[in-house]
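Chemist: Got a predicted structure here, sequence first:
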Amino acid sequence: MHRVILFIPNSSWFGKRPWISIPYAALIITALLKECYEFTILDANCDDLDEEECRKQLSAIAPEFILVTAASVEYHRQAHEALAISRSACPQAITILGGVYPTTLPDEAVKDPKVDWLFMYQAEERLTSFLSLLTDQPDMACNFPGIAYRDTDGAMMLNPPVSHIGDVKAMVKPDYSRMKISRYLQQTTIDYQFNSSKPTAFIITSYGCPYNCVFCASRTISGKRVVYRPVEDVIDEIEFLIREYQVENLIFLDDAFLADKKRINTLLETFIERGYNLTWKAATVSAWHLNDRLLELMAQSGCTQITVSVESGSQRVLNEVIHKPLKLEIIPPIVKKCREVGIDLGANFVIGLPGETWDEIRQTFRFAETCDFDLAHFHIATPLPQTDLYKICKGKGYLPEDFSFLDSKFFGYGAGFITTEEFTPFELMTLRAFEYDRINFSNQEKIERVARLYCTTVEKLNEHRRQTRRKLGVHF
């Protein structure tokens, strides 16, 4: 059997904030490869390995193929470091870079001489075929769809995909047999969407998003359709996590978790019938899929927290700028119903979009305050590769002359880089930092409520608030 290793870089290399969540791509790749290859995983993130430790393990395994995963552009340096380590430890191995970064920025990723191939888009129905070509007919690999490479002159050659994730006919059931996930089950950092005092697992039950929000790269990565895993497979995975890891809390990361009403009802009713006694959260849900009956069912099945992506308090901005099919009038009743059934409700907002006026930005904060969410997050619009937002900003000259997706100064939670006739990044950062504090922490009851949501103490939360104000929300 040919030896294949999946190399997951350590997110904390180069002084970056650690990002500790179960790498779902690794579970899919395990299911695809473990039967036909001598397959192992080098998870530098889970084991918190340094570069030398990774080099030693790669040398000992001596794989023929090294798959490096790059889950986001923000962590691109980690991916390139993993490629450098791979080439140093195993100079004859074929290196393949996959994930969001090479999918959205192939022209940058392919410049690294230590990567042989970029594998873009989804792995199902494609990865095993590509590896077989590299093994049996290497001269034909350059014709494979959805990959990129350098020609003999160093120029990028890119083959478009035949399909996206939404066109995959048969979803692969995640396979945990090669993963050590214990470290991923406890979260200790302040983050409303991912924090829990219980052993917590992340789970994805569907892929893709059918909507057209201006700032989202989902269409590039997954297409516009949604594909759902069978409910039976999802239930099997949950029962495995309960049985093997004593998981007590789940976090669903789907983009369109509630879109299929029949499916979500079946899933939640199964939770109730089998008496899992789990709590669960949804990192983001579409508000227009919620109704009183569904919220009651969610609460009965163990839901404790959801976050709705409202984005703007201006209906015009939602319609004409963001292109999100949300009517603001439905939000206050949802807040009321969530409080009634005992579900904590967070909300995401985005400010600083081209076409948005300063008064409309202020309107967003007023709307958030009036709704009285359990926690309101305010994000400053940041252009991502291959999004409509980036194309607009680039075309109208709204970005700094030296703007680059690969420059670390253009990444930072709470930072802004778009300048229009209506606002500057400094104005957005200042307004956001102080409005976030004013709206979420206006009295002791709210402070204690947010501390509970963050699973932290009031003292630690207040320090978090101080750093938010003093750093204007950047890296707080």
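Modeler: Perfect, thanks for sending it. Numbers count the residues shown, from 1 in each chain.

Chemist: buried sites along stretch 255-262?
Modeler: Buried residues in stretch 255-262, counted by 16 or more other Cβ atoms under 10 Å: 255-260. C-beta: built from backbone N, CA, C; applies to glycine.

Chemist: Including distance to Leu97, pLDDT and secondary structure, could these go into JSON lines?
Modeler: Shown next, in JSON lines, are the buried residues of stretch 255-262 (distance: Cβ to Cβ, whole Å; pLDDT from 0 to 100; DSSP: H, G, I helix; E, B strand; the rest coil):
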{"residue": "Asp255", "distance to Leu97": "24", "pLDDT": "89", "secondary structure": "coil"}
{"residue": "Ala256", "distance to Leu97": "28", "pLDDT": "90", "secondary structure": "coil"}
{"residue": "Phe257", "distance to Leu97": "29", "pLDDT": "93", "secondary structure": "coil"}
{"residue": "Leu258", "distance to Leu97": "34", "pLDDT": "94", "secondary structure": "coil"}
{"residue": "Ala259", "distance to Leu97": "31", "pLDDT": "92", "secondary structure": "coil"}
{"residue": "Asp260", "distance to Leu97": "33", "pLDDT": "93", "secondary structure": "coil"}
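
Chemist: Buried residues, stretch 243-257. List them.
Modeler: 247-257.

Chemist: about what we covered before: so which of the buried residues of stretch 255-262 is the closest to Arg55?
Modeler: Asp255 (36.6 Å; Cβ to Cβ).

Chemist: returning to that earlier point: mind telling me the two of the buried residues of stretch 243-257 farthest from one another?
Modeler: Pairwise distances across the buried residues of stretch 243-257 peak at 25.7 Å for Glu248 and Ala256 (criterion: Cβ to Cβ).

Chemist: Off-centre distance for stretch 30-49?
Modeler: Once both centres are worked out by Cα atoms, centre = their mean, to the nearest Å, stretch 30-49 turns out to sit 21 Å from its chain's centre.

Chemist: heads up, I number from 25, so please use that
Modeler: Done: numbering now begins at 25, and the last item shifts to stretch 54-73.

Chemist: I'd like the average pLDDT over it.
Modeler: Average pLDDT, stretch 54-73: 93.

Chemist: pull the CA atoms of it into CSV?
Modeler: Provided in CSV are the C-alpha atoms of stretch 54-73 (Å, rounded to 0.1, in the frame of the first residue of the first chain):
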residue,chain,number,x,y,z
THR,A,54,-9.9,9.3,6.8
ALA,A,55,-13.1,7.8,5.5
LEU,A,56,-11.9,8.1,1.9
LEU,A,57,-8.4,6.8,2.3
LYS,A,58,-8.0,4.4,5.2
GLU,A,59,-9.0,1.3,3.3
CYS,A,60,-6.9,1.8,0.2
TYR,A,61,-3.8,3.5,1.6
GLU,A,62,-1.5,3.2,4.6
PHE,A,63,-3.0,6.4,6.0
THR,A,64,-2.0,8.4,9.1
ILE,A,65,-2.6,11.8,10.5
LEU,A,66,0.0,14.2,11.8
ASP,A,67,-2.1,16.6,13.9
ALA,A,68,0.3,19.3,15.0
ASN,A,69,-2.6,21.4,16.2
CYS,A,70,-4.2,18.9,18.5
ASP,A,71,-0.8,17.8,19.9
ASP,A,72,0.7,21.3,20.0
LEU,A,73,3.8,20.1,18.1
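
Chemist: Can you give me the buried ones in that stretch?
Modeler: Buried residues in stretch 54-73 (16+ other Cβ under 10 Å): 54-57, 61, 63-70, 73.

Chemist: And stretch 158-169, by the same measure?
Modeler: 158, 165, 168.

Chemist: could you dump those to JSON lines with secondary structure, distance to Ala241 and pLDDT?
Modeler: Output for the buried residues of stretch 158-169, formatted as JSON lines (DSSP: H, G, I helix; E, B strand; the rest coil; distance: Cβ to Cβ, whole Å; pLDDT from 0 to 100):
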{"residue": "Leu158", "secondary structure": "helix", "distance to Ala241": "28", "pLDDT": "94"}
{"residue": "Ala165", "secondary structure": "helix", "distance to Ala241": "27", "pLDDT": "91"}
{"residue": "Phe168", "secondary structure": "coil", "distance to Ala241": "23", "pLDDT": "95"}
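
Chemist: export those residues to JSON lines and tack on distance to Thr448?
Modeler: JSON lines is the format used below for these (distance: Cβ to Cβ, whole Å):
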{"residue": "Leu158", "distance to Thr448": "50"}
{"residue": "Ala165", "distance to Thr448": "48"}
{"residue": "Phe168", "distance to Thr448": "46"}
